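**Student:** All I have is the shape, not the residue letters:
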Ligand SMILES: [Zn+2]
């Protein structure tokens, strides 16, 4: 039995719990919320009030069986979703951002595409048997990446740093493969919570360096090295 923390995102009148914290295990249900934390801002994450609470639960992390039951459904959902929106996909290069070409190959900026949208399509994880991630499904994000496509909210489509962040995820998907990415993402979320999950932390760390513009670096090499450390 391990101690967990939860983050609940206030979304209007509703409070949506999301797993967070450095010590995580799986959960079957989410309990009451306790303490209030200051507002936090994540580029592809939450821009709303966040409540952190603590609750002890006794279940273990996502099992391989749970993952393998859900994965085929998730894969079909991703492919259908991407097919549905492909006509709206635009290459990153078409945005003519000034800084992204300093960090990414032109071929990636041509091949990867974004879909600007008002509401991001989130997989129905609870319906796929992954009810522990129901809170993630309800999270208010600015962007979400599936393979080499990402959805970005129309309101932030001109924010270069958000494109940078999602491009880090595009590279992660490519290096890990779809199953490898999803299992790593799910386990990271389960074990460490959203902001500390290794694949998100990698994206936020790279994004922070990009925003500082202190030194230009090869973003693809950065992800390659970081992904190598995960294995
Ligand atoms: Zn992210």
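**Tutor:** Thanks, I have it. All figures in this text were calculated on a predicted structure; none of them were measured in a lab. Numbers count the residues shown, from 1 in each chain.
**Student:** Please, where are all the strands along this protein?
**Tutor:** 2-11, 14-20, 35-36, 50-57, 90-91, 113-117, 143-146, 149-153 (DSSP state E).
**Student:** ranking these by mean pLDDT, which is last?
**Tutor:** Ranked by mean pLDDT, those bottom out at strand 35-36, which scores a mean of 29.
**Student:** doesn't residue 161 make contact with residue 100?
**Tutor:** No: in this structure, residue 100 is not within contact of residue 161 by Cβ atoms under 8 Å, at 9.7 Å. (C-beta placed from N, C-alpha, C; glycine too.)
**Student:** Run through the helices of the chain in chain order.
**Tutor:** 64-85, 100-103, 106-111, 134-138, 160-192, 198-212, 219-230 (DSSP state H).
**Student:** taking those together, which one is wrapped up most tightly?
**Tutor:** Comparing the helices of the chain by mean neighbour count (mean count of other Cβ atoms under 10 Å), helix 160-192 ranks first with a mean of 20.
**Student:** How far off centre is that one?
**Tutor:** 7 Å (Cα atoms, centre = their mean, to the nearest Å).
**Student:** go on, stretch 104-119?
**Tutor:** Per Cα atoms, centre = their mean, the centroid offset for stretch 104-119 relative to its chain is 16 Å.
**Student:** Distance across that stretch, terminal residue to terminal residue?
**Tutor:** By Cα to Cα, to the nearest Å, the extent of stretch 104-119 from end to end equals 27 Å.
**Student:** Any chance you could list what contacts that stretch?
**Tutor:** With contact meaning Cβ atoms under 8 Å, 6 or more residues apart in numbering, stretch 104-119 is reached by 85, 88-93, 95, 100-101, 148-154, 157, 163, 166-167, 170-171, 219-220.
**Student:** Include distance to the ion and mean pLDDT when you put the helices of the chain into TSV, please.
**Tutor:** Listed next are the helices of the chain as TSV, based on distance: least, Cβ to the ion, whole Å; pLDDT from 0 to 100:
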stretch	distance to the ion	mean pLDDT
helix 64-85	16	95
helix 100-103	16	97
helix 106-111	17	98
helix 134-138	12	84
helix 160-192	5	95
helix 198-212	4	95
helix 219-230	12	93
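**Student:** Can you convert the ones you listed into JSON lines and add a column each for distance to residue 117?
**Tutor:** Converted to JSON lines, the helices of the chain look like this (distance: least, Cβ to Cβ, whole Å):
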{"stretch": "helix 64-85", "distance to residue 117": "8"}
{"stretch": "helix 100-103", "distance to residue 117": "20"}
{"stretch": "helix 106-111", "distance to residue 117": "20"}
{"stretch": "helix 134-138", "distance to residue 117": "16"}
{"stretch": "helix 160-192", "distance to residue 117": "13"}
{"stretch": "helix 198-212", "distance to residue 117": "20"}
{"stretch": "helix 219-230", "distance to residue 117": "24"}
